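Q: Take this sequence and fold it.
(one chain, ligands or ions: 1)
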Amino acid sequence: MLNLYKYARPAIFKIDPETTHKLTIKALKAGIIRPCSVVKSPILEQDLFNLKFLNPVGLSAGFDKNAEVIAPALKIGFGCTEVGTVTPKPQNGNPRPRIFRDVKSGSVINRMGFPNGGLRVFKPNIEKFMVNPDRPQGVVGINIGMNKEQLDPAEDYCALIRELAPLADYMTVNISSPNTPGLRDLQQKDILLELLTKMMKTRQETCGDISSGKAPALLIKLAPDLNEQQQEEIAETLLHSGVDGVILSNTTLDRPDHLPAEFNAEKGGLSGAPVRDKSTAIIHNFYKLTKGKLPIIGIGGISNADHAYEKIKAGASLIQLYTGMIYEGPEIANNINKGLLSLLEADDLSSITDAIGLDHK
Ligand SMILES: Cc1cc2nc3c(=O)[nH]c(=O)nc-3n(C[C@H](O)[C@H](O)[C@H](O)COP(=O)(O)O)c2cc1C
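A: Residues are numbered from 1 along each chain as shown. Predicted structure coming up:
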């Protein structure tokens, strides 16, 4: 693994964030970013959603929108990579610039608006990975969204389930990005239940029941900006609907006062350190509301093992990150896994699963 990120970062951060991202995808594809070794331990392994996770650290959606670098992401130590958000038709997203860094606070604002090549690009990419007999071990989630001009969201989500469910280990229904008008309204309980019912039916028709082992788990990704009442209603709806898990959380619309005014004035979702406590709080609350019955993937502001452990103890079975990799570089998954092993040992725990929801016990 290149261990130069800390030194290279000032130069990298002189480049516009979206260009940096494109160059990173190219470097991963070309095999320039490679690990020397990957942390492996049975203590970090977990069986969830009928899948084997080699470690709890995942790369969250938005990094690999077109499923171009699945193998390289798994090879740098992530136990899982969530590709997408993919929409049925290709779309350009919002005008650039649309990603902004505030290095001092370790945060990012983005208003990408789901730029992606659509099914036409995404599907062959994921098929290529799935049929490769030498593919690295690891879980691949597919994050799905609707096209900006779609008036009937269920139409897009169900079309994507029909096309992609047979290729996914799990699927995430993204109803929480702040950059697609109306998307977050799908979190209202009646609308959500209707949408979930349609999607569960489509999964059943496409792949059969989850117990058949052929159907991917269906997860819902939520915003951190839900009030107490909304959280209660959604938790009840999710338990009732039979979905397999929940991802908490997407970016926030908050603009904390300590961030620079110019940065705060940018429209979009805020990620990184400033969203950390908010997302941990919502994980804690959902674990309590669902009595630990609904597996949670925790995301938001994780850049080291302490942050990851905090989310796991609050109730997350797995964690994911994006902004942390922008600031800490490609060794982040390995570093977090190493740190988690030490934290588990210090707490006298013999498995990562023993730490899940520990704050509630
Ligand atoms: C540039 C950027 C693009 C993102 N795109 C998506 C996306 O397409 N779909 C999605 O579900 N989340 C997307 N996210 C949200 C992340 O997956 C994650 O939920 C959020 O950033 C909080 O985690 P973090 O603080 O580790 O970044 C994006 C985040 C960033 C920074």
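
Q: And for the closest residue to the ligand within the chain, the neighbour number?
A: Residue nearest to the ligand within the chain: G62 (2.1 Å; C-beta to the nearest ligand atom). Just so you know, the C-beta spots here come from the backbone N, C-alpha and C atoms, and that holds for glycine as well. When neighbours are counted by other C-beta atoms under 10 Å, G62 registers 24.

Q: same question, T206
A: T206 sits with 17 neighbouring residues when counted by other C-beta under 10 Å.

Q: Quick check, central residue of the protein?
A: In the chain, the centroid-proximal residue (C-alpha atoms, centre = their mean) is S60; its distance is 2.9 Å.

Q: and L321, what are its phi and psi?
A: phi -150, psi 160 (degrees, to the nearest 10).

Q: Please disregard the earlier target; I meant V86.
A: phi -100, psi 140.

Q: wait, doesn't it sit right on I144?
A: Yes - the criterion here is C-beta atoms under 8 Å, and V86 meets it with I144 at 6.0 Å.

Q: list residues touching both of these two?
A: Here V86 and I144 share the contacting residues 160, 164, scored by C-beta atoms under 8 Å, 6 or more residues apart in numbering.

Q: Any residues of the stretch 151-300 of the chain in contact with the ligand? List them.
A: Counting by C-beta under 6 Å from any ligand atom, the stretch 151-300 of the chain comes close to the ligand at 174, 177, 221, 250-251, 271-272, 275, 299-300.

Q: Sitting in strands, which of those residues do you find?
A: Among those, the members found in strands (DSSP state E) are 174, 221, 271-272, 299.

Q: Quickly note the distance from the residue sitting furthest away from the middle of the chain to A355.
A: Distance from the centre of the chain peaks at D348, with 29.1 Å (C-alpha atoms, centre = their mean). Separation of D348 from A355 (C-beta to C-beta, to the nearest Å) stands at 11 Å.

Q: In contact with the residue lying closest to M130 once chain neighbours are set aside, which residues?
A: Nearest in space to M130, with sequence neighbours left out and distances taken as C-beta to C-beta, 6 or more residues apart in numbering, is L167 at 5.6 Å. By C-beta under 8 Å, 6+ apart, the contact list for L167 reads 123, 126-127, 130, 142.

Q: Determine which two of the residues you listed are furthest apart.
A: Farthest pair in those (C-beta to C-beta) is E127 and I142. Separation: 12.0 Å.
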